[in-house]
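I would like the atomic coordinates for the input below:
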Amino acid sequence: MPLLRLRLRAFEHPLSMVNSVDKKPGSPASYASFEEEEPRGGVLRTFVQFFAIPMLIVSIAVGLWMGVHWIAGSGPTDADDFVELLRSDTINRRWQAAYELANRLRDGVPEEFRQPRLLEALGSALTRARAEKEKPPRLAISVLRIIGRIADEKSIPVVRDALDDEDPWIRSYAVLGIGALGDRESRPKLVALASDTDPGTRRAALFTLARFDGGGLRPGGLARTDGAEAWLSRAVRQIAVDHLGDTDVDVRMTAALVLSETGQAEEAKPVLLKMLDRGYLESFEFNDSIGALDPNHVRSNTIIAGIKAVARLRYNDPPVLGALEKLTNDDTEIDGVVREHARKALQHLRDQNSLRKTGTRKMGLNKNTKTDRADRAGRKRTG
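Now for the predicted structure:
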């Protein structure tokens, strides 16, 4: 899902561009000019300024860190510890439990964290967090993400209930949670939420419906790497096509990527071309209230998702090739990842074009050869 992440919406999804607004032109930046001064104070001053003071600051910071950990102890260690913290009356302790548990489950879910007591505590923590109406609802979002990571069907009822939450952040994360839990019985509700007033919820609903059909996106951009085409039901495909004209840029880009998975997405080309235009992406204000995301990094991920889509769809017309050619010289990209993706996609499309031309010529030669043979056979019979 696309896409500049203005609000962190998906489970580990690197791309999102939720609730973007046109950036208002600002005044040009002003830069003060400084004259270079000769260093004063000699070697001792230099040592104190650049070595002693920084070392003292680092030592104090390390000491404070060790002191805090000594006072607080090692934190929760097993599922029972997390259950106790999640049931705490203090929201900060519940937040600590959610944060620690999310880190613990980052590389997999040990069997001990699937026990009913923990699932029940997570459900209670979610219900309580929703009632407390935290703004933004960080704790509720974190618990929904953990529930999605554990993916136990016992959590379905509490997540279904969150689909009707008044907070759009919670609704959208609940939709993604339904997808992670594989709750296909909620499909009618997701179809309704695909028309929600909140663009992030519309995007999450399309994302999840496509996932249920087998054409959903995955973390990192496009879902499939085996060359196979994804399948979308007629209803979901129509939702995606309709969302190409959505008022929100994130929803439009999500729809274009979902359609690109099917291998037939000519109608998505205008949106995909916009994804290859860094200038266009920079015309949206980046306002991430949840995570500390680098706008340029997220824009680059958006461009890469677009590059993968046009390469997969084998668009080799002048506008696409021109956009890719421009990206191969993208000097705003420090690490060159976008340039490399663009270069490979451009080469791939050119190779495909060459193969297509070679195949056409071979077909023509075969046709001519067959005609010549028929003519010679006819002349022999006549003679």
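
isn't residue 333 up against residue 339?
Yes: if you go by C-beta atoms under 8 Å, residue 333 and residue 339 touch, sitting 5.9 Å apart. C-beta here means a position set from N, CA and C on the backbone, and glycine is covered the same way.

and the two? which has more neighbours close in?
Legend: neighbour count by other C-beta atoms under 10 Å for residue 333 and residue 339, higher for residue 333 (20 against 15).

which pLDDT value goes with the more buried one?
pLDDT recorded at residue 333 is 70.

where does the stretch 151-300 of the chain have low pLDDT?
For the stretch 151-300 of the chain, the stretches with pLDDT under 70 are 215-230, 286-293.

which residues in it form helices?
In the stretch 151-300 of the chain, the helices defined using DSSP state H, counting those that start in this stretch lie at 156-162, 168-181, 187-193, 199-213, 234-243, 249-260, 269-275, 278-281, 295-312.

state the distance from the residue nearest to residue 281 when sequence neighbours are not counted to residue 311.
Of all residues not flanking residue 281 in the chain, residue 299 sits nearest, at 4.6 Å (C-beta to C-beta, 6 or more residues apart in numbering). In this view, residue 299 and residue 311 are 19 Å apart by C-beta to C-beta, to the nearest Å.

before we move on, what about residue 120?
Taken as C-beta to C-beta, the span from residue 120 to residue 311 is 47 Å.

so for those two, which residue has more residues nearby?
Taking other C-beta under 10 Å, residue 120 and residue 311 do not tie; residue 311 has more neighbours (23 against 16).

show me what contacts the more buried one?
By C-beta atoms under 8 Å, 6 or more residues apart in numbering, the residues touching residue 311 are 344, 345, 348, 349.

ok, for the third one, nearest residue in space, not its chain neighbours?
Okay, so that is residue 348. residue 311 (5.4 Å).

go on, residue 117?
With C-beta to C-beta, 6+ apart, the residue lying closest to residue 117 is residue 83, at 5.3 Å.

quick check: which element contains that neighbour?
helix 79-86 (DSSP states H and E).

that helix - contacts with which helices or strands?
For helix 79-86, the packing partners by 3 or more C-beta pairs under 8 Å, 6 or more residues apart in numbering; DSSP states H and E come out as helix 91-104, helix 116-132.

wouldn't residue 86 be in contact with residue 125 here?
Yes: checked against C-beta under 8 Å, the pair residue 86 and residue 125 is within contact range at 4.6 Å.

need the overlap of contacts for the two.
94, 97, 98.

same list (these) but as TSV, adding neighbour count and pLDDT.
Below are these laid out as TSV (neighbours: other C-beta atoms under 10 Å; pLDDT from 0 to 100):
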residue	neighbour count	pLDDT
94	23	94
97	27	92
98	26	94
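
from those residues, pick the one nearest residue 190.
residue 98 (25.2 Å; C-beta to C-beta).

ok, the spatially closest residue to that closest one that is not a sequence neighbour - how many residues close by?
Sequence neighbours aside, residue 142 is the residue nearest to residue 98 in space, at 4.1 Å (criterion: C-beta to C-beta, 6+ apart). Neighbour count for residue 142, taken as other C-beta under 10 Å: 22.

what does residue 149 give?
18.

first to last residue in stretch 143-156, what's the distance?
From its first residue to its last, stretch 143-156 covers 13 Å (C-alpha to C-alpha, to the nearest Å).

just stretch 130-142 next, same as before
The first-to-last residue distance of stretch 130-142 comes to 12 Å (C-alpha to C-alpha).

residues touching that stretch, excluding its own?
Stretch 130-142 is contacted from outside by 8, 91, 94-95, 98-99, 102, 125-126, 129, 162, 165, 167, 169-170, 173, 289-290, using C-beta under 8 Å, 6+ apart.

repeat that for 6 Å
The contact list for stretch 130-142 (C-beta atoms under 6 Å, 6 or more residues apart in numbering) reads 95, 98, 126, 129, 165, 167, 169, 170, 173, 289.
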